[in-house]
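Engineer: curious how this folds, go ahead:
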Amino acid sequence: MKTLRLIQVTQDDIENGERGDRENCMIARALKRHMPMSFPRVNKGWFATIEVCARTYRPSKEIKERITAFDRRDKVSPFTICFDPKLKTATLGPDLHFIPLWTLFRAKRPRSLGR
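Structural biologist: The predicted structure follows:
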């Protein structure tokens, strides 16, 4: 079964990515960090694609806008990309920076059968 994959583009990826370089831009750097042997490429233009692990994904409008802003040297904030292998799309994922920490560690205790 194919599952969604969330990749975080960090401030470090944004600051150290190379503008206009499809193999070392902010998204390619994030992909390399999460999947070191992936050899990603990010193509923009009329038929924009993100290629990773021999798969091609179509980025959403929001992802394309962030790539364009990055190449123009506009301010880009860290974000998460959701890769969907079934639909072959790359969309903005949930903002993982604003998930309250207590929700990550809260666990429900199993109820005992005797009570």
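
Engineer: give me the phi and psi for the spatially most central residue of the chain.
Structural biologist: By CA atoms, centre = their mean, the mean C-alpha position of the chain lies nearest to I81, the distance being 2.6 Å. Phi and psi for I81, reported as degrees, to the nearest 10, are phi -110, psi 130.

Engineer: my guess is it contacts A90. True?
Structural biologist: Yes - shown here, I81 and A90 form a contact pair, counting by CB atoms under 8 Å, at 5.4 Å. (Glycine included, C-beta is placed from N, CA and C.)

Engineer: shared neighbours of the two, anything?
Structural biologist: By CB atoms under 8 Å, 6 or more residues apart in numbering, I81 and A90 have these common neighbours: I63.

Engineer: quick one: end-to-end distance for stretch 58-78.
Structural biologist: Taking CA to CA, to the nearest Å, stretch 58-78 runs 20 Å from one end to the other.

Engineer: centre of the chain to that stretch, how far?
Structural biologist: A distance of 12 Å separates the centroid of the chain from that of stretch 58-78, by CA atoms, centre = their mean, to the nearest Å.

Engineer: and the longest helix along the chain, what does it pack against?
Structural biologist: Determined from DSSP state H, the single longest helix within the chain is helix 61-71. Helices and strands touching helix 61-71, by 3 or more CB pairs under 8 Å, 6 or more residues apart in numbering; DSSP states H and E, are helix 26-34, strand 89-92.

Engineer: thanks a lot, see you next time.
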